[in-house]
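In: sequence and predicted model, in that order:
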Amino acid sequence: MSQNIYCKPRLYLEDVGIIENFTGTVNFPGSNQLSQLDVKIPGFHLAESSLLNKEVRFYLNYGGEDTVPYFIGYIQAVKPTDVDTSITAFDSRCFIMGSYATKIDLTDEDNYDGYTLGQFIFKHIQDNINTPERDYIDLSVMNDTVPPVPMNGVRGINEDPYGILLSGMRMAIDDSDPFDIFDYEMGANFTNLGMALYFIKQKKLDDVSMTLSFGDGIKKYKYTRKVLPNRAQTDDVTVDFGSTLTPRVSRDVSSMIDKNVVKKDYPTRALIRNEAIKHLVRARLERYNITIDATKGHYLQLGSVVHLNTEEEIRGNHRLVSKKITFGNTMTLSLQLNSRPITIDNYQ
């Protein structure tokens, strides 16, 4: 597929202008991780210091001209050579997480007691990230979880703001139906105003956004089937999906449960067991890891439900959890469906 016919990407670099001759990848890994743009620009020579922390707006222009950016980020790495310059940019969550973020201290004297999780991150970004000249993170659609997660008693020294947010989100679970449990994830939506940050509740699997088949959208795919856990244990409390007549498969999901138990300080074994069963149900929900080389779905939002019209056992509805586009002389689109979320420890 020729990029010149189907895809004419365009790049806007702050203080530089519009660039149209470049190659690269744009990656939306999901699971609350940073979106990333990597580009290589031939014949382009600028000092690294003049590019770092500059805004990048990327327009995919697949099948037509995009009216809003496909990706907005800030340059965090520049590698010039004699023939080209490579640039890496992350979305503006890089200012509140990881090595690029300013750490914060939450003490008995200086804290966010009385705030909800959404109010905490709103206040932090408003006071410490955005400036009178620029909103690095658009807060116009910032919402909260339902029910809200309180920040009372949250303490720490040299903490990552985004890490605090993700730790709190573990408590933001819609478990009104214990066998149909929905998580929240941080959404990053790119508009002409910038990157908007907000909480997204996981969609039901019957809310299909797109159907893919070999005749319509699928070039090839591969998948692995997961071994589903039958038991979960925290301390001396065990929950079990198996029986004496069925195989029992162990999986260590206790670390997540242990942290939640400490966070909520459950007073009884019954409540601990209830939390353990919720996490076990969630661990059993996603049965496959699916990778699709696709010809459509470029503009699907993460979390969207995709119906696979295939002959194998993966036929049915699955959630889009990540996507990656490579562009140059040709373009490829890779969709990941139904991978389990990674843990907070992977963000440090």
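Out: Structure received. Numbers count the residues shown, from 1 in each chain.
In: pLDDT-wise, which helix or strand of the chain ranks last?
Out: helix 254-264 (a mean of 39; mean pLDDT, DSSP states H and E).
In: who are the packing partners of the longest helix along the chain?
Out: Counting residues, the longest helix found in the chain (DSSP state H) is helix 269-285. Applying 3 or more C-beta pairs under 8 Å, 6 or more residues apart in numbering; DSSP states H and E, one finds that helix 269-285 makes contact with strand 231-234, strand 237-240, helix 254-264. No exception for glycine: its C-beta is placed from N, CA and C like everyone else's.
In: name the element the closest residue to Leu205 other than its chain neighbours belongs to?
Out: Leaving aside its sequence neighbours, Leu205 sits nearest to Asn317 (C-beta to C-beta, 6 or more residues apart in numbering; 4.5 Å). According to DSSP states H and E, Asn317 maps onto strand 316-327.
In: quick one: that strand to helix 269-285, angle?
Out: With axes from the mean of the first three to the mean of the last three C-alpha atoms, to 10 degrees as the basis, strand 316-327 and helix 269-285 are set at 60 degrees to each other.
In: other SSEs contacting the very next helix or strand once past strand 316-327?
Out: Downstream of strand 316-327, the next assigned helix or strand under DSSP H and E is strand 331-337. Here strand 331-337 touches strand 288-294, strand 305-308, strand 316-327, going by 3+ C-beta pairs under 8 Å, 6+ apart.
In: for Thr145, which of these is the nearest?
Out: Minimum separation from Thr145 across the helices and strands packed on strand 331-337 (C-beta to C-beta) falls at strand 316-327, 18.8 Å.
In: so what strands line up beside the closest one?
Out: strand 23-28 (antiparallel), strand 305-308 (antiparallel), strand 331-337 (antiparallel) (DSSP bridges).
In: between those, which gets nearest to Tyr12?
Out: Of these, nearest to Tyr12 by C-beta to C-beta is strand 23-28, at 14.1 Å.
In: in the next helix or strand after the closest one, what's buried?
Out: The first helix or strand that comes after strand 23-28 along the chain, using DSSP H and E, is strand 36-42. For strand 36-42, a neighbour-count test (16 or more other C-beta atoms under 10 Å) marks 36-37, 39-41 as buried.
In: lovely, talk soon.
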